[in-house]
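Peer 1: Mind looking at a prediction? Sequence and model below.
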Amino acid sequence: MKSRSERLFGHSSNFRRFFVVSLISVALFASGTAALAADVYVSLTGTRTSGKSTAGDWTNANCYNNIRAAMTAASASDTITINDGTYTGSSNLIDQNNLPKSGTSSAYTIIKARNIPCQNGAACGQPLKVILDSQGNPTGGAGLYTNNPVNSSYVKIQGIFFKGIAMIWGTSHWYIKQCAVQGDQDGNNAAFTAMTTTYTVVEDTVSYGKGRYKFLFYDQTRSGTNTNSVCRRCIARMDYMDDTNPVADFSLYYQHNMALLNCISIDGNLPSYWHNVTELDGSFQQAVDQSSNIGYSIKGSIAINNAMPVGFSEHGGAGGISFADVAGINVPAGIYANAASQRLTMANVNSHLFSGWFANPIIMDVGVTQYNGSPTLNNSLVVNVPYGKAVGSGFSGDYLNYFGTTGTSWTPTHVITTDPRTNGLLYPIRIEAGSTLKTAGSGGGQIGADITQILGVDGAEYGSANVDTPQGNLWPWPLENWIKAQMASMDTTISGSAMPSPTRGFASSTAKRLDGVNPVTLTSYIWESLGNPIPASLYSTAPAVSSPTVTVKSTSPL
């Protein structure tokens, strides 16, 4: 029989500030950046064969016709910009045989799309326009597939759709920004994988389609190396999978020093499309590693309308792991953990919510329960868990709100048993000001999740001073119109398998908000999940879906 670790992965291998700046400052910033690097352009109809491209000139004579030729012509810290189109064949792979040259900490080598939704005037409500397709890759992946360890560092990739598996392996200081992955492989595969990488930042990126993991951060050496990675504002949807190994949307496997910040696991609510599943580990999973301090945290994150538990942690050591400000709404189970958890909101935890249920979740119908060791739970609420206990044995903690639950196995000193929906819980992402729950927690703090702030400076790496510091209002969700359009564009058939509808849930083209008038958005879908209309002020003007035009950051690869 395989060990649990074998089943989990088989045998395969500071401060973000937004402020108004003068036109002079913008010009100086732009000119200083341009002075550091040259441009190389790629277009499907390009005819250039040598030398750097002239900035702003998109004529055929100024563009290479494939990515490999452009990367050969580019120098370290150059910017390779790709025109709209679908790029296929071995000359358009980014793999161990065709890598961008390493940049530096102050001047990353950049590979980016020419037209990125919500950037530089490009319309927001459209999918990405540069597609690196899996055709031509003999290993089956997509345009990004370094399937052996590579020595490549300080590279940024932005605005590219990887249609198939995307994997980086052995890289250091890679920054994946506003990209998309449509997984196309069954079996022991993830859609996006960062394999034995260090200082990886994946940000504003979406992953869907096939694959038993949608985002996998995995230290293949299992040596306890500090991998120092961040996944910030990423969104995963479990559409289809066929494999007997465990399943999760975000999997942190033998990672040391890893943060999931403002991540969302959403609309994986059709388990009839999940074949041969033997174990559902959760939207957010920390697997196997039980060393004493692994530095693992999930903050400001959401699992909603998802037919798997919110979280699972096997951590068996004394510290260094936490769930904080995490919401699980309309899920079959909450968190199964040996972890320090605080400010959780678990509502409508019920496996009977999902049709076609057949798989074996690691827990079911439980708000929060113990895996092993001595986990803690504080300042949290568990509401409407009709079939199972709210908290398992072995926990310690205090300041909890239970309502509509059964079988609690221990009683903290400070317990609220009244319905939180009448005491401050209107929306899963906050507790209302002036309500009972807003000040009923330890030290006068709140009970329940606070998921209202952008966490971390854009691009900030693990270990920097501003990796997870609050940076201002998170809502409306940044880039939400692009996210909806991108995930709604999923192919209805992938690698011969019929997919569930890509326009379900928040990506629906016909669903309305609770006002019955306005179309559903990612923001309204989450805010209204407990049955209350979003505040009228939230969309007082057109949805703010693009990032501010000027971002000052401590670790800028731009």
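Peer 2: Structure's in. What do you need? Numbers count the residues shown, from 1 in each chain.

Peer 1: dump the residue contacts of Phe506.
Peer 2: Counting by CB atoms under 8 Å, 6 or more residues apart in numbering, Phe506 makes contact with Ile266, Asp267, Lys484, Val520, Thr521, Leu522, Tyr525, Ile526. The C-beta positions use only the backbone N, C-alpha and C, and glycine is treated the same way.

Peer 1: before we move on, what about Ile494?
Peer 2: Residues near Ile494 by CB under 8 Å, 6+ apart: Gln182, Gly183, Asp184, Gly209, Lys210, Tyr240.

Peer 1: what sits against the residue lying closest to Tyr175 once chain neighbours are set aside?
Peer 2: Closest residue to Tyr175 apart from its sequence neighbours, by CB to CB, 6 or more residues apart in numbering: Lys156 at 4.3 Å. By CB under 8 Å, 6+ apart, the contact list for Lys156 reads Gly103, Tyr108, Thr109, Ile110, Ile111, Lys112, Trp174, Tyr175, Ile176, Lys177, Pro557, Leu558.

Peer 1: I'd guess Lys156 is in a helix, am I close?
Peer 2: No. Using DSSP: H, G, I helix; E, B strand; the rest coil, the secondary structure at Lys156 is strand, not a helix.

Peer 1: Can you name the residues bridging to it?
Peer 2: With DSSP bridges as the criterion, the beta-bridge partners of Lys156 are Ile110, Tyr175.

Peer 1: Roughly how far does it sit from Asp458?
Peer 2: For Lys156, the distance to Asp458 (CB to CB, to the nearest Å) stands at 11 Å.

Peer 1: center of this protein, which residue is that?
Peer 2: Cys234 (2.4 Å; CA atoms, centre = their mean).

Peer 1: okay but that residue is in contact with Val201, surely?
Peer 2: No. If you go by CB atoms under 8 Å, Cys234 and Val201 don't touch, sitting 10.5 Å apart.

Peer 1: next helix or strand past whichever strand or helix holds Val181?
Peer 2: In this assignment (DSSP states H and E), Val181 forms part of strand 180-183. Reading on from strand 180-183 to the C-terminus, the next helix or strand found by DSSP H and E is strand 190-195.

Peer 1: For that following strand, which helices and strands make contact with it?
Peer 2: Applying 3 or more CB pairs under 8 Å, 6 or more residues apart in numbering; DSSP states H and E, one finds that strand 190-195 contacts strand 166-169, strand 180-183, strand 206-209, strand 213-218.

Peer 1: Run through the stretch 351-500 of the chain and note the low-pLDDT ranges.
Peer 2: 355-363, 365, 367, 370-373, 386-394, 406-410 (pLDDT under 70).

Peer 1: let's go with 80 and repeat that
Peer 2: For the stretch 351-500 of the chain, applying pLDDT under 80 flags the ranges 351-352, 354-375, 384-396, 404-412.

Peer 1: Do you have the strands of it handy? List them.
Peer 2: For the stretch 351-500 of the chain, the strands defined by DSSP state E, counting those that start in this stretch cover 368-370, 376-378, 380-385, 400-405, 415-416, 453-455, 470-473, 493-494, 497-498.

Peer 1: can you list those strands in JSON lines and add distance to Ala190?
Peer 2: Listed next are those as JSON lines, based on distance: least, CB to CB, whole Å:
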{"stretch": "strand 368-370", "distance to Ala190": "27"}
{"stretch": "strand 376-378", "distance to Ala190": "30"}
{"stretch": "strand 380-385", "distance to Ala190": "30"}
{"stretch": "strand 400-405", "distance to Ala190": "34"}
{"stretch": "strand 415-416", "distance to Ala190": "40"}
{"stretch": "strand 453-455", "distance to Ala190": "24"}
{"stretch": "strand 470-473", "distance to Ala190": "29"}
{"stretch": "strand 493-494", "distance to Ala190": "15"}
{"stretch": "strand 497-498", "distance to Ala190": "17"}
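
Peer 1: re earlier: list just the nearest of the contacts of Lys156 to Met346.
Peer 2: Ile176 (30.5 Å; CB to CB).

Peer 1: How about that closest one, nearest residue that isn't a chain neighbour?
Peer 2: Nearest residue to Ile176, sequence neighbours excluded (CB to CB, 6+ apart): Val202, at 4.5 Å.

Peer 1: measure the residue of the chain most remote from its centre to Arg68 for me?
Peer 2: Most distant from the centre of the chain: Ala61, at 38.9 Å, with distances by CA atoms, centre = their mean. Separation of Ala61 from Arg68 (CB to CB): 19 Å.

Peer 1: quick revisit: can I get the strand holding Val181 in PDB? Just the C-alpha atoms.
Peer 2: Only the C-alpha atoms of strand 180-183 are listed here, as PDB (Å, rounded to 0.1, in the frame of the first residue of the first chain):
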ATOM      1  CA  ALA A 180      -4.200  32.100 -16.600                       C
ATOM      2  CA  VAL A 181      -3.800  28.400 -16.700                       C
ATOM      3  CA  GLN A 182      -6.300  25.900 -18.200                       C
ATOM      4  CA  GLY A 183      -5.100  22.500 -17.100                       C
END
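
Peer 1: Which elements pack onto that strand?
Peer 2: Looks like strand 180-183 contacts strand 160-163, strand 190-195, strand 206-209 (3+ CB pairs under 8 Å, 6+ apart).

Peer 1: what's in contact with the longest one?
Peer 2: Which is strand 190-195. Contact with strand 190-195 is made by 13, 162, 165-171, 174, 181-183, 200, 202, 205, 207-218, 220, 229, 251, as judged by CB under 8 Å, 6+ apart.
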